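Q: Mind looking at a prediction? Sequence and model below.
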Amino acid sequence: MAKVDSAIKNETKNIAIVVLILSALMQAVYLFIHHWNYTVLLGNLLGGGAGILNFFLMGISLQKALDKDAKDASATARLSQTYRNFMLLAILAIAYFVPCFDIIPTIISLFFATIGVYSKVFTMKKDVNNKAQEVAQE
Amino acid sequence: MLEIAIGIILSGCALGAGIAMLAGIGPGIGEGNAVASACEAIGRQPEAKGEVTSTMILGCALAETTGLYALVIAFLLIFLAPGRFVNILLEAVGK
């Protein structure tokens, strides 16, 4: 198996941290509104884990795609996206049919990884702007 | 008559799920284009591979968000919505 790129590891770590924080927040909200039970926790773990796994698998497949030429890389990325969509659909089906998972926290926590990506993009934009201002001042 | 109404609800949900999944086509094409461009960029400037990879991953994750929304909407329309809508219909007709 090829070595995982450090950029992918770092990004996945950042996303995992955001997912963890938001999951804790969601659990607190469920506790606050007196709707908490173990199915909420398990659903949250399943959805959050699926979000992080989806991001990590995307990173690995893109790393593999980068080693190929442009046409093959494009096809690999598309195929990877299809497989990952099937994986997410299977996970949602498991959360729906297995009674120990609550479907609503599963769906909500699936989006936490996306929120993590958005937060990363916004901070990255700020860094780029700051760097551009420093260069302009010099 | 009730059977026809239930049939319309179920077919509407299935059609809606199918239409929602059309949104899954876009991210696939977008990701493919992004990766192809990243390959060319790395080919031109191999020393910038780390930065290009990092930016590309975040870009692809952003592009994939739409597909994820579509997937969840389709899932809700197939598994959750028909039962709710049929219940509402049955309550409305008093059965």
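A: It's in.
Q: what about residue B:9, neighbour count?
A: 18 (other CB atoms under 10 Å in any protein chain shown). Backbone N, C-alpha and C define where each C-beta goes, glycine included.
Q: brain fart, residue A:70
A: Burial of residue A:70 is recorded as 16 neighbouring residues (other CB under 10 Å).
Q: Looking at it now. What's its pLDDT?
A: As predicted, residue A:70 sits at a pLDDT of 79.
Q: how much space is there between it and chain B?
A: Counting by CB to the nearest CB, to the nearest Å, the gap from residue A:70 to chain B is 4 Å.
Q: do you know how far residue A:97 is from chain B?
A: Counting by CB to the nearest CB, the gap between residue A:97 and chain B amounts to 9 Å.
Q: Report the secondary structure element holding the residue nearest in space to the middle of chain B.
A: Geometric centre of chain B, nearest residue: residue B:70, 2.2 Å, by CA atoms, centre = their mean. Assigned by DSSP states H and E, residue B:70 falls within helix B:49-75.
Q: Return the residues in contact with whichever residue of chain B sits closest to chain A.
A: Nearest residue of chain B to chain A: residue B:32, at 3.6 Å (CB to the nearest CB). By CB atoms under 8 Å, 6 or more residues apart in numbering or on different chains, the contact list for residue B:32 reads A:73, A:74, A:75, A:77, A:78.
Q: do that again at 7 Å, thanks
A: If you count contacts by CB atoms under 7 Å, 6 or more residues apart in numbering or on different chains, residue B:32 has them with A:74, A:75, A:77, A:78.
Q: Show me which residues of chain A sit near chain B.
A: Residues of chain A lying close to chain B by CB under 7 Å from any CB of the partner chain are A:5, A:7-8, A:11, A:55, A:58-59, A:62-63, A:65-66, A:69-70, A:73-75, A:77-78, A:81-82, A:85, A:88-89, A:92, A:96, A:107, A:110, A:114, A:117, A:120-121.
Q: Would you list the buried entries among the residues you listed?
A: A:5, A:7-8, A:11, A:55, A:58-59, A:62-63, A:65-66, A:70, A:73-74, A:77-78, A:81, A:85, A:88-89, A:92, A:96, A:107, A:110, A:114, A:117, A:120 (16 or more other CB atoms under 10 Å in any protein chain shown).
Q: elements contacting the helix or strand where residue A:75 lies?
A: Using DSSP H and E, residue A:75 falls within helix A:70-97. Packed against helix A:70-97 by the contact rule (3 or more CB pairs under 7 Å, 6 or more residues apart in numbering or on different chains; DSSP states H and E) you find helix A:38-66, helix A:103-110, helix B:25-44, helix B:49-75.
Q: Of all those helices, which one is nearest residue B:19?
A: Among the helices and strands packed on helix A:70-97, the nearest to residue B:19 by CB to CB is helix B:49-75 (8.8 Å).
Q: The closest one to helix A:70-97, inter-axis angle?
A: With axes from the mean of the first three to the mean of the last three CA atoms, to 10 degrees defining the directions, helix B:49-75 sits at 40 degrees from helix A:70-97.
Q: where in chain A is pLDDT low?
A: Scanning chain A for pLDDT under 70 picks out the ranges A:1-2, A:125-129, A:131-132, A:135.
Q: which residues touch the most centrally placed residue in chain A?
A: Centroid check for chain A by CA atoms, centre = their mean gives residue A:113 as the closest residue, at 3.2 Å. By CB under 7 Å, 6+ apart, the contact list for residue A:113 reads A:15, A:19, A:51, A:52, A:54, A:55.
Q: isn't the fourth one right up against residue A:14?
A: It refers to residue A:52. No: the pair residue A:52 / residue A:14 is not scored as a contact, 10.6 Å apart, by CB atoms under 7 Å.
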